[in-house]
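**Q** model this:
(2 chains)
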Amino acid sequence: DAGVIQSPRHEVTEMGQEVTLRCKPISGHNSLFWYRQTMMRGLELLIYFNNNVPIDDSGMPEDRFSAKMPNASFSTLKIQPSEPRDSAVYFCASSTRGALYNEQFFGPGTRLTVL
Amino acid sequence: TQLLEQSPQFLSIQEGENLTVYCNSSSVFSSLQWYRQEPGEGPVLLVTVVTGGEVKKLKRLTFQFGDARKDSSLHITAAQPGDTGLYLCAASTNFGNEKLTFGTGTRLTIIP
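**A** Here you go, the predicted structure:
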């Protein structure tokens, strides 16, 4: 079975450019999470969706970040304009809401470098 | 804001040795999970513990949830190079709450 799919795997861009990260959750999962991981701050939850609806976006750092989930099989995280401090690995994860212990399945991540 | 502190932050030991890493908080959790993350990949769930005092074993890995459900430990016996990775604990405060808080992580290196 396919796991969580993220694209691109690597992105290098210049400061001020728009960046769009993409995620396809595991089929049948109804919750989707976007995380950011850095050495300094560890793994931080940015936003999560349930049944395509944003539930908690309190981790989104500022208005430059936005996320959408137009349907159950696709989500995007957009940064506009990007800044060097946004450089990090961004993970998407999915799970089944209602599962007793909330196991989350992570994608391989997108390594973003903003020059 | 709940905070999960893991210790040690870094650990490098020889193959065959035993080790224990810790995950501590001042908050009470309904469940706690341990994930392992290898370079270039996302975290993968190892185990979930839900009952205070619970002990679970996964081959050479032993996980324990504290009696008060505020802390947890992971013990590895006879470490192997394949155990190398970043170990993350993660917890939620309520059953059914999907939002997980991840710990600061322990980066483990097993030297052949």
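
**Q** okay, and the beta partners of the closest residue to A:Ile26 other than its chain neighbours?
**A** Among residues not flanking A:Ile26 along the chain, A:Ser94 sits closest, at 5.0 Å (Cβ to Cβ, 6 or more residues apart in numbering or on different chains). The way it works is simple: take the backbone N, C-alpha and C, and place the C-beta from them, glycine included. For A:Ser94, the residues forming beta bridges with it (DSSP bridges) are A:Leu32, A:Phe105.

**Q** pretty sure A:Ser94 contacts A:Phe33?
**A** Yes: in terms of Cβ atoms under 8 Å, A:Ser94 counts as a neighbour of A:Phe33; the distance is 7.2 Å.

**Q** of all of chain A, which residue lies closest to chain B?
**A** Closest residue of chain A to chain B, Cβ to the nearest Cβ: A:Phe106 (2.9 Å).

**Q** what sits against that residue?
**A** A:Phe106 makes contacts with A:Val4, A:Tyr35, A:Phe91, A:Cys92, A:Ala93, B:Glu41, B:Gly42, B:Pro43, B:Val44, as judged by Cβ atoms under 8 Å, 6 or more residues apart in numbering or on different chains.

**Q** for the closest residue to chain A within chain B, give its distance to B:Leu86.
**A** Distance from chain A to each residue of chain B (Cβ to the nearest Cβ) is smallest for B:Gly42, at 2.9 Å. In this structure, B:Gly42 and B:Leu86 are separated by 11 Å, where distance is defined by Cβ to Cβ, to the nearest Å.

**Q** what about these two, which has more around it?
**A** Each of B:Gly42 and B:Leu86 had its neighbours counted (other Cβ atoms under 10 Å in any protein chain shown), and the higher figure belongs to B:Gly42 (23 against 19).

**Q** assign the more buried one to helix, strand or coil.
**A** coil (DSSP: H, G, I helix; E, B strand; the rest coil).

**Q** and it, what's its pLDDT?
**A** What the model reports as pLDDT for B:Gly42 is 96.

**Q** okay, and B:Asp67 sits in which element?
**A** Remark: B:Asp67 resides in no helix or strand, with elements defined by DSSP states H and E.
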